[in-house]
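Peer 1: Sequence plus the predicted model coming up.
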There are 2 protein chains.
Amino acid sequence: MSVLIWIANLLRVLVLGAAAGGGFPQWNSNSDACNRARKGDVASQTQSSIAVTANGRNWYLCNASPDIRQQLNNNPALYPREGMRHSPVSGVVLTNADVDHIAGLLTLRESQPLNIFATKRVLTTLKKNSIFDVLNPDFVSRNEIFLGHPFVPKTPEGISLDLEFEAFSVPGKIALYLEDESADSNFGTVEGDTVGLRIANQLTGQYFFYIPGCASMPKQLAKRISGAPLVFFDGTLYEDAEMITRKEGHKTGNRMGHMSMSGPDGVIVALKELNITRKIFIHINNTNPVLLEDSRERKIVERADWEIAYDGMEISIEKPPE
Amino acid sequence: MSVLIWIANLLRVLVLGAAAGGGFPQWNSNSDACNRARKGDVASQTQSSIAVTANGRNWYLCNASPDIRQQLNNNPALYPREGMRHSPVSGVVLTNADVDHIAGLLTLRESQPLNIFATKRVLTTLKKNSIFDVLNPDFVSRNEIFLGHPFVPKTPEGISLDLEFEAFSVPGKIALYLEDESADSNFGTVEGDTVGLRIANQLTGQYFFYIPGCASMPKQLAKRISGAPLVFFDGTLYEDAEMITRKEGHKTGNRMGHMSMSGPDGVIVALKELNITRKIFIHINNTNPVLLEDSRERKIVERADWEIAYDGMEISIEKPPE
């Protein structure tokens, strides 16, 4: 049997979902912003997930959101193409065990070969929840990620994807439903609960970073992402207390493990001098006014050289200079 | 404080999702039918769930499908109306622990008051899966259903809904991910794993049946639903072996706990003489040709006086004669 491998020398990203947990609109939010989204006055956004490919044919998902079925239906690149059962989706890499990042795994059932990658902490959560056993181990493998050790997944059939992932720990918070209030001020959070990803075409060296949740910017992390051609970064909140001031919640961003965009400790300031070519906010909460194209905050963010991700956004990463 | 209660003397059903697990199209199915749905040549259908109301304002869901966020977005009757956080959805009644019936609970988070009703068997599954703890018990109560004991849920604020539910055991099968192959030929299935629901307006007596999963038709069940004004019934497969003959699976309907529509032991024959005014198939698998309006099987089913549910279908149950 001969296998045709098309080496496309590319690295392409498809934003499947740009919103944080709950999506935009959120089912029980009666805010002006959510009602504008319901009316179609501003664009709706599903929950946070991206798809990446280095060969133009086989895709890996970073996180599997509860909206995954709708997201797969919305993106023809992810439609099955061969035989009776098929998917261009070869696997999923998880960055934490939040509901908005793992619930979509339940949709990837139906005896489809698939590889899942996650840290031990996240794999343990999947193992403890028998509902994920709906992913038949005869078809779906679960693979441990070791921080700082790049891995090159293949398709379940063993074909190289030319994609290289490296996971690194970022400041974060354990998933809400796993919080242990008696543990410590950090609710039992340990290393491996939240990771960021460096994603590369292993043949060409093209790369970018995907960091949809991050609680602060230690020097080591700033150094890691310095000079990158592209960074997707946690854009949950514009202001740390916006859920409280808007009467839509009782938690700060800090409490939820998210830096806010604005302010002296915010993302915009933290990444300003890092010489990153393209900076894109993703995982944006429905209370964040940057979702509204006509908002003051959207203009401020864009003037600071940031883009706001949206469902269906497609990006090709430039080849690095020879 | 005075509370205005609008007694509307109605019983209304909204079909949120008409398809079985996987939906139509199913993410990894390359069948002609699924590709027609992707092209918009036939209507897509989300996964099985209905909403019911007896007052026109407060709704109960029967099952919470993985597509629930899309379903709530598609139905303006279920949009929030008051304050900053609100939902017309007061609760959820579960008929089994299948992924396509419970995964949507994970979307009903965000500190929204809600009541969940299920049998002990289903509640035990929720309890064993910590991911469902994302539904904060301060807001979301879990209530046990006792077979044959009608219950009248209130809104979480204690307002009567005039809705009465009665759950009864139907032949079924334990959820796939809970199967115990070593147990017996029935994979460890026991009473309470699958129920049907009789849903009524307790003031007017209007009622109907919702039975989205059923493996056979014992005499007692036939007697129970005889003469009903409306029955929604398990329409998973047209023929028992269709997933195998279409090369889209290796299980029969019988193996999965579903009667098929056709054949001497099928639903159409079983309900033919039961004097039911309106019969509607729901929970329809993407392999079932009745999803295609131009199919031979669709015509056969319709000629046998059955309707095929579809997303967005609305039904008002007639008042019984005085």
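Peer 2: That came through, no problem. Note that the structure is predicted; figures quoted are calculated from it, not measured. Residues are numbered from 1 along each chain as shown, chains lettered A, B, ... in the order given.

Peer 1: For A:E157, give me its contacts.
Peer 2: Neighbouring residues of A:E157 by Cβ atoms under 8 Å, 6 or more residues apart in numbering or on different chains: A:P113. Just so you know, the C-beta spots here come from the backbone N, C-alpha and C atoms, and that holds for glycine as well.

Peer 1: cool, A:N285 as well?
Peer 2: By Cβ under 8 Å, 6+ apart, the residues touching A:N285 are A:A19, A:A20, A:G21, A:G22, A:T236, A:L237, A:M243.

Peer 1: okay, the closest residue to it other than its chain neighbours: pLDDT?
Peer 2: Nearest residue to A:N285, sequence neighbours excluded (Cβ to Cβ, 6 or more residues apart in numbering or on different chains): A:A20, at 4.2 Å. pLDDT for A:A20: 96.

Peer 1: count of neighbours near A:A20?
Peer 2: When neighbours are defined as other Cβ atoms under 10 Å in any protein chain shown, A:A20 has 28 of them.

Peer 1: now swap in A:R246 and tell me
Peer 2: For A:R246, the count of nearby residues is 16 (other Cβ under 10 Å).

Peer 1: Chain B contacts on the stretch 151-300 of chain A?
Peer 2: Residues of the stretch 151-300 of chain A lying near chain B by Cβ under 8 Å from any Cβ of the partner chain: A:L176, A:Y177, A:L178, A:R246, A:K247, A:E248, A:G249.

Peer 1: so who does the residue nearest in space to the middle of chain A touch?
Peer 2: In chain A, the C-alpha nearest the mean C-alpha coordinate belongs to A:S49, at 4.4 Å (Cα atoms, centre = their mean). By Cβ under 8 Å, 6+ apart, A:S49 lies in contact with A:L16, A:G17, A:L61, A:C62, A:N63, A:A64, A:S65, A:D67, A:I68, A:Q71, A:H101, A:G104.

Peer 1: what does the model give it for pLDDT?
Peer 2: Note for A:S49: predicted pLDDT of 98.

Peer 1: Next: A:M243.
Peer 2: Each residue has a pLDDT score; the one for A:M243 is 82.

Peer 1: what's the answer for the one 5 residues further on, then?
Peer 2: As predicted, A:E248 sits at a pLDDT of 79.

Peer 1: A:T124 now?
Peer 2: If you check A:T124, the pLDDT there is 95.

Peer 1: Over to A:S2?
Peer 2: Note on A:S2: pLDDT of 49.

Peer 1: Repeat that for A:P150.
Peer 2: pLDDT, A:P150: 97.

Peer 1: Excluding chain neighbours, what is closest to it?
Peer 2: Excluding the flanking residues, the one nearest A:P150 by Cβ to Cβ, 6+ apart is A:E166, at 4.1 Å.

Peer 1: can I assume that neighbour sits in a strand?
Peer 2: Yes: counting by DSSP: H, G, I helix; E, B strand; the rest coil, A:E166 falls inside a strand.

Peer 1: what are the bridge partners for it, then?
Peer 2: For A:E166, the beta-bridge partners are A:R198 (DSSP bridges).

Peer 1: All the helices of chain A, residue numbers only.
Peer 2: Here chain A has its helices, by DSSP state H, at A:32-39, A:68-74, A:99-102, A:120-128, A:219-225, A:242-245, A:253-256, A:267-271, A:296-303.

Peer 1: Identify each buried residue in the second one, please.
Peer 2: To tie it back to what came earlier, the one meant is helix A:68-74. Across helix A:68-74, burial judged by 16 or more other Cβ atoms under 10 Å in any protein chain shown covers A:I68, A:R69, A:Q70, A:Q71, A:L72, A:N73.

Peer 1: Which strands or helices does it pack on?
Peer 2: Applying 3 or more Cβ pairs under 8 Å, 6 or more residues apart in numbering or on different chains; DSSP states H and E, one finds that helix A:68-74 makes contact with strand A:12-17, helix B:68-74.

Peer 1: Sketch out the low-pLDDT regions of chain A for me.
Peer 2: A:1-8, A:181, A:183-185, A:187, A:320-322 (pLDDT under 70).

Peer 1: which residues in it form strands?
Peer 2: A:12-17, A:49-53, A:59-62, A:89-93, A:114-118, A:140-144, A:163-169, A:195-201, A:207-211, A:230-234, A:278-282, A:306-308, A:314-316 (DSSP state E).

Peer 1: can the first one be found next to chain B?
Peer 2: No: for strand A:12-17 and chain B, the contact criterion (Cβ under 8 Å from any Cβ) is not met; the two come no nearer than 10.8 Å.

Peer 1: Each with direction, which strands does that strand pair with?
Peer 2: Strand A:12-17 has its sheet partners listed here by DSSP bridges as strand A:49-53 (antiparallel), strand A:314-316 (antiparallel).

Peer 1: Pull out the buried residues from the shortest one.
Peer 2: When burial is assessed from 16+ other Cβ under 10 Å, strand A:314-316 yields the following buried residues: A:I315.

Peer 1: got it, and the first one?
Peer 2: By 16+ other Cβ under 10 Å, the buried positions in strand A:49-53 come out as A:S49, A:I50, A:A51, A:V52, A:T53.

Peer 1: what sits opposite the residue nearest to the centre of chain A in the beta ladder?
Peer 2: On the basis of DSSP bridges, A:S49 is bridged to A:G17.

Peer 1: if I look at it, how far off is A:I317?
Peer 2: Using Cβ to Cβ, to the nearest Å, we find A:S49 at a distance of 18 Å from A:I317.

Peer 1: Same check on A:C214?
Peer 2: A:C214 sits 21 Å away from A:I317, going by Cβ to Cβ.

Peer 1: same deal with A:N143?
Peer 2: 25 Å.

Peer 1: Compare those two and say which one has the larger neighbour count.
Peer 2: Using other Cβ under 10 Å, the more surrounded residue of A:N143 and A:I317 is A:I317, with 23 against 13.

Peer 1: Now the more buried one: phi and psi?
Peer 2: Geometry field for A:I317 lists phi and psi as phi -80, psi 130, criterion degrees, to the nearest 10.

Peer 1: ok, now which ones touch it?
Peer 2: A:I317 neighbours (Cβ under 8 Å, 6+ apart): A:L10, A:L11, A:R12, A:V13, A:N201, A:Q206, A:Y207, A:F208, A:P229, A:L230.

Peer 1: burial of the third one, as a residue count?
Peer 2: Other residues within reach of A:R12, judged by other Cβ under 10 Å, total 19.

Peer 1: Let me know whether it touches A:N55 as I believe.
Peer 2: No: using Cβ atoms under 8 Å as the test, A:R12 is too far from A:N55 to be in contact (9.4 Å).

Peer 1: related to what we said a few turns ago, for the contacts of A:I317, pick the one with the most neighbours.
Peer 2: Most neighbours among the contacts of A:I317, by other Cβ under 10 Å: A:L11, with 28 neighbours.

Peer 1: mind listing what that residue touches?
Peer 2: Shown in contact with A:L11 (Cβ under 8 Å, 6+ apart): A:V52, A:T53, A:A54, A:I199, A:A200, A:N201, A:T204, A:Q206, A:Y207, A:F208, A:S316, A:I317.

Peer 1: can we see that at 10 Å?
Peer 2: A:52-55, A:162-163, A:199-208, A:229-230, A:315-319 (Cβ atoms under 10 Å, 6 or more residues apart in numbering or on different chains).

Peer 1: How much space separates it from B:R198?
Peer 2: According to Cβ to Cβ, A:L11 and B:R198 sit 56 Å apart.

Peer 1: who's in contact with the residue nearest to A:R69 when sequence neighbours are not counted?
Peer 2: The shortest distance from A:R69 to any non-neighbouring residue, by Cβ to Cβ, 6+ apart, is to A:T107 (5.0 Å). Applying Cβ under 10 Å, 6+ apart, we find A:T107 in contact with A:64-72, A:134, B:21-23, B:26-27, B:47, B:66-67, B:99-100, B:103.

Peer 1: Swap in 8 Å and give it another go.
Peer 2: Applying Cβ under 8 Å, 6+ apart to A:T107 gives the contacts A:A64, A:I68, A:R69, B:W27, B:P66, B:A103.

Peer 1: what's the most buried one of the helices of chain A?
Peer 2: Highest mean neighbour count of the helices of chain A: helix A:99-102, a mean of 26 (counted as mean count of other Cβ atoms under 10 Å in any protein chain shown).
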